[in-house]
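Peer 1: Provide a 3D model corresponding to the input given below.
(chains A and B)
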Amino acid sequence: AQSVTQLGSHVSVSEGALVLLRCNYSSSVPPYLFWYVQYPNQGLQLLLKYTSAATLVKGINGFEAEFKKSETSFHLTKPSAHMSDAAEYFCAVSSTSYGKLTFGQGTILTVHP
Amino acid sequence: AAGVIQSPRHLIKEKRETATLKCYPIPRHDTVYWYQQGPGQDPQFLISFYEKMQSDKGSIPDRFSAQQFSDYHSELNMSSLELGDSALYFCASSQRTGGGFAEAFFGQGTRLTVV
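Peer 2: As a prediction, this is how the structure comes out:
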């Protein structure tokens, strides 16, 4: 069984500041890990994925995440927040490359001018 | 590029009625997934199909059924609707055949409101 815990349901940053969204996972097998972004009343868009290749994964819109097995973490970062980054972010885990996704509770990112 | 198409985008039904949600996957995608996202909740996996056969089942109520048709589109049928069924229903598709990583692409969702 797998699970994902996102620490912090709301994160607020100033424009230009570092964005750090935390995700810890639990998995009995080597996991596939994902970050998705959801804008209001929109579908889920894949930001980046970890598929057991490089532990530092770069995604779209300047986001990146680092897989740390020892910490069972997959935190999402962006060096400089932009107003357009305001959205809800979901971390997700899967046990296969094609299987169902188990999502975390989501983190709402607010960006202040 | 073609995306996952869901219809309708919005649906209002009364309690105890029936609803049918449709999903048209990206061309050549052979796998469809259904997720339910309640208000303020994370998406919950309901069911998936691979090559028209059910491949996995999650927390889908017995009142719900789904299938994938010969043209790979899928329908989620929901009967005896309850207020608690009000949610955003997402469909996602991927191409599993051929090996490798099968990224799931999500549709815009169908917002079901039960009154």
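Peer 1: quick one, what contacts the residue positioned nearest the centre of chain A?
Peer 2: Centroid check for chain A by C-alpha atoms, centre = their mean gives A:Trp35 as the closest residue, at 3.4 Å. Shown in contact with A:Trp35 (C-beta atoms under 8 Å, 6 or more residues apart in numbering or on different chains): A:21, A:23, A:46-49, A:59, A:63, A:65, A:74, A:76, A:89-92. Every C-beta, even on glycine, is put in place using the N, C-alpha and C of the backbone.
Peer 1: Could you give the bridge partners of it?
Peer 2: Applying DSSP bridges to A:Trp35 gives these bridge partners: A:Leu48, A:Cys91.
Peer 1: list the contacts for the closest residue to A:Leu101 other than its chain neighbours?
Peer 2: Nearest non-adjacent residue to A:Leu101, counting by C-beta to C-beta, 6 or more residues apart in numbering or on different chains: A:Ala92, 4.3 Å away. Going by C-beta under 8 Å, 6+ apart, A:Ala92 touches A:Val4, A:Leu33, A:Phe34, A:Trp35, A:Tyr36, A:Leu101, A:Thr102, A:Phe103, A:Gly104.
Peer 1: Which pLDDT does the model give the residue nearest to the centre of chain A?
Peer 2: Note for A:Trp35: predicted pLDDT of 96.
Peer 1: Repeat that for B:Gly99.
Peer 2: You'll see B:Gly99 listed with a pLDDT of 68.
Peer 1: still on that earlier bit, which pLDDT value belongs to the residue nearest to A:Leu101?
Peer 2: pLDDT, A:Ala92: 95.
Peer 1: For it, give its distance to A:Gly99.
Peer 2: A:Ala92 is 11 Å from A:Gly99, where distance means C-beta to C-beta, to the nearest Å.
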